[in-house]
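**Student:** model this:
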Amino acid sequence: MPQASFSKMSESTAEDWQTIMHEQLIFISKLPDRILTHMELLRGDYGGFPIDRLQHCLQTANLAAEAGEDGEYVVCALLHDIGDTLGSTNHPDVAAAILEPFISEQNHWMVKHHGIFQGYNFFHYMGMDRNMRDQFRDNENFERTARFIENYDNPAFDASAPELSLELFEPMVRKVFSAPKKSLYKDLVA
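**Tutor:** Now for the predicted structure:
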């Protein structure tokens with residue numbers, strides 16, 4: 001595999017960037033594989049919950065799919081907790097950052113804020129304000145996010161539900177991550 005040969009970015013050439021972009025496009029095309037592999041890190045991680053984090057994500061996505069939500073929304077439901085592994089104290093932000101170039105503003109806002117909205121169901125048990133979500137009451141995405149929690153995220157801790165497979169959602173993940181909708185590099189990737 002060819003490599004550029006410079007020690008400072010300011011010394012790079014057009015030829016270097018042809019090499020780099022060729023390799024980057026190959027790397028970018030494998031993003032869905034890396035995401036699916038990363039989701040597997042949630043398998044077996046219960047964190048005290050009745051099911052592991054992977055099954056929670058799968059149940060959330062499955063509920064959204066069964067309700068007729070579109071593929072992008074279902075992928076957001078699937079990946080909403082992908083940030084738990086590296087962003088244990090800010091997992092919604094991590095998930096939102098991964099998804100942002102590929103999804104609508106409404107879905108991005110929903111994923112980014114889902115933690116505060118889910119907190120309505122348990123923050124008061126931890127001495128926190130369960131109504132913290134009310135600070136967003138005037139936001140156009142408030143009801144959408146509250147509905148996501150109520151219909152899909154909140155009921156997706158069912159230990160009696162059949163175990164689901166990540167393969168069910170693989171085609172949707174590949175489609176959503178096939179081309180960014182908004183990115184500094186979107187025209188180069190398309």
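**Student:** Assign a three-state SS to Ala97, would you?
**Tutor:** On the three-state scheme (DSSP: H, G, I helix; E, B strand; the rest coil), Ala97 is labelled helix.
**Student:** got the buried residues for the least confident helix or strand in the chain by mean pLDDT?
**Tutor:** The helix or strand of the chain with the poorest confidence is helix 186-189; it has a mean of 78 (mean pLDDT, DSSP states H and E). Buried positions in helix 186-189, judged by neighbour count with 16 or more other Cβ atoms under 10 Å: Val189. All C-beta spots, glycine's among them, are computed from the backbone N, C-alpha and C.
**Student:** Return the set of buried residues in the biggest helix by length in the chain.
**Tutor:** Determined from DSSP state H, the single longest helix within the chain is helix 14-29. Neighbour-count burial for helix 14-29, with 16+ other Cβ under 10 Å as criterion, is recorded at Asp16, Thr19, Ile28.
**Student:** pLDDT on stretch 15-34, on average?
**Tutor:** Here stretch 15-34 scores 92 as its mean pLDDT.
**Student:** Distance from it to the middle of the chain?
**Tutor:** 21 Å (Cα atoms, centre = their mean, to the nearest Å).
**Student:** CA-only coordinates of that stretch, as CSV, when you get a sec.
**Tutor:** Taking C-alpha atoms only, stretch 15-34 is exported to CSV below (Å, rounded to 0.1, in the frame of the first residue of the first chain):
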residue,chain,number,x,y,z
GLU,A,15,0.5,13.6,-5.1
ASP,A,16,0.6,12.8,-1.4
TRP,A,17,-3.0,13.8,-1.1
GLN,A,18,-4.0,11.6,-4.0
THR,A,19,-2.5,8.7,-2.2
ILE,A,20,-4.1,9.7,1.1
MET,A,21,-7.5,10.2,-0.3
HIS,A,22,-7.4,6.8,-2.1
GLU,A,23,-6.7,5.1,1.2
GLN,A,24,-9.2,7.3,3.1
LEU,A,25,-12.0,6.4,0.7
ILE,A,26,-11.3,2.7,1.3
PHE,A,27,-11.2,3.3,5.1
ILE,A,28,-14.4,5.3,5.0
SER,A,29,-16.2,2.6,3.1
LYS,A,30,-15.5,0.2,5.9
LEU,A,31,-17.2,2.4,8.5
PRO,A,32,-20.4,0.2,8.8
ASP,A,33,-18.1,-2.8,9.5
ARG,A,34,-16.4,-1.0,12.3
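**Student:** Next one: Ala96 relative to His113, how far apart?
**Tutor:** 8 Å (Cβ to Cβ, to the nearest Å).
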